[in-house]
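1. got a predicted structure here, sequence first:
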Amino acid sequence: MTLETNLDDGVREQYQFAIQGVGLDPNAAPNIEVRGGTGFSQVISSGDTTPREQDFTDFGTLMATDSPRVTSFQVRNTGIQATLNINNVSVLPANTGFSVIPVADGDLEPAENTTFQVRFDPAAATAGSQVAVIRVTSDDPDTSAYVFNIRAEVEVIDDTPLEFSSISRDGDDLVFDVTAPAGVTYRITSSRTMLEGSWTPVPGLTGLSEGTIRIEDVLNSTNEEPKYFYRLERETR
């Protein structure tokens, strides 16, 4: 737009200059979007009930004794004109081992973003699959509550000891039965000295579960002394 004015300064009779501006839509509204994954490259849709490793909503499998795992998510205002006001970020239910570290800035201008973190503590959860809902509330008129599911799997270490249920000698062979907890595998290792670092797996006697085990040619037939020392070791917990 060009404005023109009449002057009587004796030098110029007219003075022209250009002006411009951007009109604001009185009905403009903010628009919230949440992202996760590497470089926040994955959009997490509101209402998503399927956690995925790609967007970091699936925290994976942790042992009950593992350290807490922390994941960051990004909140964006993809609106054109209006400010997005983030009211709260929460996780439900509260007894799943998940907790939220709040956003750094709750007011986002168009194209701005901020982050919040979700912490999962396996020690605070029970064994098995843990599923929770992240809820981000804002003044987005279309999605005032932006919700999506997260999950983690907790495994508990079974410290039930391995046990010899029977042991016998068959010639120079040693035969024994082992009782092991469900899902636990073990191996037989041998050493001539019993020093740490000297134990090596016996070929063919790894990845074992319950059953009868035979270690061949254990004893020296001449003097009845063992050729090696043997021990039972867990492979999986």
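-> On my side now, so go ahead. In this text the structure is predicted, and so the values were computed from the model without any measurement.

2. would you indicate which residues of stretch 152-163 are buried?
-> Ala152, Val154, Glu155 (16 or more other C-beta atoms under 10 Å). For glycine as for every other residue, the C-beta is placed from the backbone atoms N, C-alpha and C.

3. mind listing which of these are in strands?
-> Per DSSP state E, strands hold the following members of the buried residues of stretch 152-163: Ala152, Val154, Glu155.

4. how about the last one, nearest residue that isn't a chain neighbour?
-> Nearest residue to Glu155, sequence neighbours excluded (C-beta to C-beta, 6 or more residues apart in numbering): Met63, at 5.3 Å.

5. doesn't Ala127 make contact with the one you found?
-> No - if you go by C-beta atoms under 8 Å, Met63 and Ala127 don't touch, sitting 10.1 Å apart.

6. contacts only, for the most centrally placed residue in the chain.
-> For the chain, Phe59 is the residue whose C-alpha lies nearest the centre (C-alpha atoms, centre = their mean; 2.2 Å). By C-beta atoms under 8 Å, 6 or more residues apart in numbering, Phe59 lies in contact with Arg69, Thr71, Phe120, Ile150, Arg151, Ala152.

7. what about the first one, how many neighbours?
-> This points to Arg69. Residues within reach of Arg69, counting by other C-beta atoms under 10 Å, total 16.

8. dump the buried residues of stretch 152-163 to TSV, plus pLDDT.
-> Compiled in TSV, the buried residues of stretch 152-163 are given as follows (pLDDT from 0 to 100):
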residue	pLDDT
Ala152	97
Val154	94
Glu155	86
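
9. would you turn those into CSV with distance to Ala180?
-> Shown next, in CSV, are the buried residues of stretch 152-163 (distance: C-beta to C-beta, whole Å):
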residue, distance to Ala180
Ala152, 27
Val154, 22
Glu155, 17
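
10. coming back round to it: just give the number of residues close to the residue nearest to Glu155.
-> 13.

11. could you measure from it over to Gln117?
-> From Met63 across to Gln117, the span is 22 Å (C-beta to C-beta, to the nearest Å).

12. what of Glu233?
-> Computed as C-beta to C-beta, the Glu233 to Gln117 distance reads 39 Å.

13. Val136 now?
-> From Val136 to Gln117 the distance is 13 Å (C-beta to C-beta).

14. who does the closest residue to Ile167 other than its chain neighbours form a beta bridge with?
-> Leaving aside its chain neighbours, Ile167 sits nearest to Phe176 (4.0 Å; criterion: C-beta to C-beta, 6+ apart). Per DSSP bridges, the residues bridged to Phe176 are Ile167, Ile213.

15. quick check, Phe176 in contact with Ser166.
-> Yes - with contact defined as C-beta under 8 Å, Phe176 reaches Ser166; the gap is 6.2 Å.

16. between Glu233 and Gln117, which is the more surrounded one?
-> Taking other C-beta under 10 Å, Glu233 and Gln117 do not tie; Gln117 has more neighbours (15 against 12).

17. CA atoms of the helix or strand hosting that one as CSV?
-> Using DSSP states H and E, Gln117 sits within strand 113-120. Output of strand 113-120 as CSV, limited to C-alpha atoms (Å, rounded to 0.1, in the frame of the first residue of the first chain):
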residue,chain,number,x,y,z
ASN,A,113,9.0,-26.3,20.5
THR,A,114,10.0,-27.6,23.9
THR,A,115,10.7,-31.0,25.5
PHE,A,116,9.7,-33.1,28.4
GLN,A,117,11.2,-36.3,29.7
VAL,A,118,9.6,-39.6,30.8
ARG,A,119,11.5,-41.7,33.3
PHE,A,120,10.9,-45.4,33.8
